[in-house]
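J.: What follows is a predicted structure for the sequence shown.
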Amino acid sequence: MGCCGSAERPKREWKPLEDRSCTDLPWFLLFTLFLVGMCGICGFTIATGGAARLVFGYDSYGNTCGQRNEPIEGVRLSGLDHTDRKFVFFLDPCNIDIIQRKIKSMALCVSQCPTEELATYYDLKRFAMINGSELCSYELPGHKYPQLPERFEKCPKLPVPESKALPVFNRCTPVDISCYAKFAEAVVTFVSDNSMLNRLIAGVAASKEIIVGLCLLALGNHLVYTCFCNVECKYGVCSWLFSGGTSVLWWLYIDYRMTMNETMTKDLRETEEPNDERARLVFFAVLLLISIFLLLQGILLLLMLFMRKRVALTIALFHVAGKVFIHLPLLALQPFCTFLALSLFWVYWIMVLLFLGTTGNPEKNEDTGLVEFRLTGALQYMTWYHAVGLIWISEFILACQQMTVAGAVVTYYFTRDKTKLPVTPILSSVLRLVRYHLGTVAKGSFIITLVKIPRLILMYIHNQLKGKENACARCMLKTCICCLWCLEKCLNYLNQNAYAATAINSTSFCNSARDAFMILVENALRVATINTIGDFVLFLGKILIMTCTAFAGVLALNYQRDYTEWVLPLIIVCLFAFLVAHCFLSIFEIVVDVLFLCFAIDTKYNNGTPGREFYMDKALMNTINSLTVESALAI
């Protein structure tokens, strides 16, 4: 399980796709044991009743609703038979603790939620007599509610609002949710006035069809962008798009300005004050887009004029990456598969976390007299184990995506005759990953987890001490967080290349990381050029997709001038467009990095002579030959 042995390692002989064996098997067994532990936590919560208490609900005496209960020592009114009482009813459902995110109220199991507002204790008595559902504490008889002195503490707060049971969790929820306004205030603290919030919500509701259409347009923009095979084409297309977009935006700006001038003149004639708030927003949005288009257009022109020869290898790699997507179109589906896997795991993780919140030993709160379930002793570490599982398994899923893409690209590069590629190279890569290299992926993702956990802990400490620590401590915390973030990014890049080396030669994680690192060091200048220029071009692609979507949004919303607010819908669409671009272009970035590693290995161990022919694409080979000729002429 260690990285390096003491014996000197023999010189590596790269034999792409020739031999295949299991790698890092101990780490696969360790990860399997960890998954068994995660499943064990879920099973423990179900076996001890935590899952049942969450789903069916429980009262303040520790009884689970809808079933017969065992008595709890030292807790009165526990051990009741609630077979006919399937719903949880809160005596004061509007008493919400925002900090603890829970309802501070006694809970009871009832047979029916109140179907109408109950204004008096006589109404409570009538409801109990007619429906058999007693809404006061169990020891109080329903027919004596109006006369009992305990009714003020052990009966619901009047008036009792009309309630309906939630479909799955069987909690009586007031139909009028105005009492939950505190939650809304905590979520939208940036809104100082309700009219502003209502206008924003109205704007989103009125333009929901346009939002959906623009989100689909963002997906289409990504597909169009990835169709261009090389950097030169991207430069040219981006320049033309930026030029045309800037012209149309100027036309929109002038048109809207003239329209607003006419409107203001008409308003002045009618001696009414013009409302130009929306006009200012339109001007700001259009001018911002114009500025972005002009800035990006200037940057592209400078790159095309002064760095054409310096980025020749990057252009060739982007060209080959475009061919990879043509031969392997299913690579574009990798973000969808990864997102689906992450979503399913996160839903499972949140459910088990909620189960843990209702698991443990019953304890009586001395302040409130209510029963709460808490994990004590060694059991409280299950929550920490579960939290580590969130990070490790999430990183494992992302690493599986990297290994899958790397395996497919390696198969494409080191197959001389592209017509003899496997029928489904991506499926073949997935099968190789599952059969041979899950241990390697588990080890690489665990290393990232070891770096990410301290960073998250420091971020939590920094947030908790905000405003309390001195300037020196704040600076040290931020420095440590920044250093750990940089270390995590470097390890992510090294891991990605290690997965590619494993896909090529089927070596263990540490051997692959060492081999990949040596190759990258030998080509340090090329790596720097590709990472800087290539990443910048991909960043321009993300900005292009987002601005094109925003441009279409301005066009669509500009002619729907009856909307009260459309800034928030436009921001939502832009964020979605940038997220889509980031997810898809990150796959393109992985393809380029793996192609460069394959290219570096190819040029190091092959020279084009019989028996040692290059694997590289002809276009890439022509680029290398031209660069070699230019270097010779310069000498």
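T.: That came in fine, so what should we check first?

J.: What are the buried residues along stretch 426-440?
T.: 426, 428, 429, 430, 432, 433, 436, 437, 438, 439, 440 (16 or more other Cβ atoms under 10 Å). Every C-beta, even on glycine, is put in place using the N, C-alpha and C of the backbone.

J.: pLDDT below threshold where in the protein?
T.: 1-15, 17-18, 95-104, 177-312, 366-369, 467-469, 551, 553-568, 619, 622-635 (pLDDT under 70).

J.: how much space between residue 86 and residue 165?
T.: The gap separating residue 86 from residue 165 is 8 Å, by Cβ to Cβ, to the nearest Å.

J.: no wait, residue 599
T.: From residue 599 to residue 165 the distance is 63 Å (Cβ to Cβ).

J.: neighbour-wise, which of the two wins?
T.: Set side by side, residue 599 and residue 165 show more neighbours around residue 599, with 25 against 18, by other Cβ atoms under 10 Å.

J.: so which helix or strand takes in the more buried one?
T.: Assessed by DSSP states H and E, residue 599 sits inside helix 567-605.

J.: Considering the buried residues of stretch 426-440, which is situated nearest to residue 484?
T.: residue 440 (23.6 Å; Cβ to Cβ).

J.: List the contacts of the closest one.
T.: By Cβ atoms under 8 Å, 6 or more residues apart in numbering, the contact set of residue 440 is 23, 24, 27, 403, 498, 499, 502, 508, 509, 512.

J.: now the buried residues of stretch 426-440 in CSV, with distance to residue 55 and secondary structure?
T.: Shown next, in CSV, are the buried residues of stretch 426-440 (distance: Cβ to Cβ, whole Å; DSSP: H, G, I helix; E, B strand; the rest coil):
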residue, distance to residue 55, secondary structure
426, 39, helix
428, 42, helix
429, 40, helix
430, 35, helix
432, 41, helix
433, 36, helix
436, 41, helix
437, 39, coil
438, 34, helix
439, 37, helix
440, 39, helix
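
J.: Between all of those, which two are separated the most?
T.: The distance between the two most remote of the buried residues of stretch 426-440 (Cβ to Cβ) is 21.1 Å, for 426 and 439.

J.: what comes into contact with the helix or strand where residue 344 lies?
T.: Following DSSP H and E, one finds residue 344 within helix 334-357. Outside helix 334-357, the residues that touch it by Cβ under 8 Å, 6+ apart are 38, 41-42, 45-46, 50-51, 54, 375, 382-383, 386, 389-390, 393-394, 397-398, 401, 404-405, 426, 583-584, 586-587.

J.: ok, of the residues you listed, which come out buried?
T.: 38, 41-42, 45, 50-51, 54, 375, 382, 386, 389-390, 393-394, 397-398, 401, 404-405, 426, 584, 586-587.

J.: Out of these, list just those in strands.
T.: Among the buried ones among the contacts of helix 334-357, no member is found in strands (DSSP state E).

J.: And residue 617, how far from residue 324?
T.: Distance from residue 617 to residue 324, by Cβ to Cβ: 10 Å.

J.: So for these two, which residue has more residues nearby?
T.: Using other Cβ under 10 Å as the criterion, residue 617 and residue 324 rank with residue 324 on top: 23 against 20.

J.: For residue 541, see how far away the more buried one is.
T.: The value you get for residue 324 to residue 541, if Cβ to Cβ is used, is 16 Å.

J.: swap in residue 606?
T.: 32 Å.

J.: same deal with residue 455?
T.: When distance is defined by Cβ to Cβ, residue 455 is 29 Å away from residue 541.

J.: And those two? Which one has more around it.
T.: The neighbour comparison of residue 455 against residue 541 (other Cβ under 10 Å) goes to residue 541, with 22 against 17.

J.: wait, isn't the more buried one in contact with residue 585?
T.: Yes. With contacts defined as Cβ atoms under 8 Å, residue 541 counts as touching residue 585 at a distance of 5.6 Å.

J.: Can you show me the strands along this structure?
T.: If DSSP E is used as the criterion, the strands of the chain fall at 87-90, 96-97, 102-103, 107-110, 163-165, 172-174, 361-364, 371-374.

J.: separation between the closest residue to residue 131 other than its chain neighbours and residue 128?
T.: Counting by Cβ to Cβ, 6 or more residues apart in numbering, residue 131 lies nearest to residue 112, which is 5.0 Å off, once chain neighbours are set aside. Residue 112 sits 10 Å away from residue 128, going by Cβ to Cβ.
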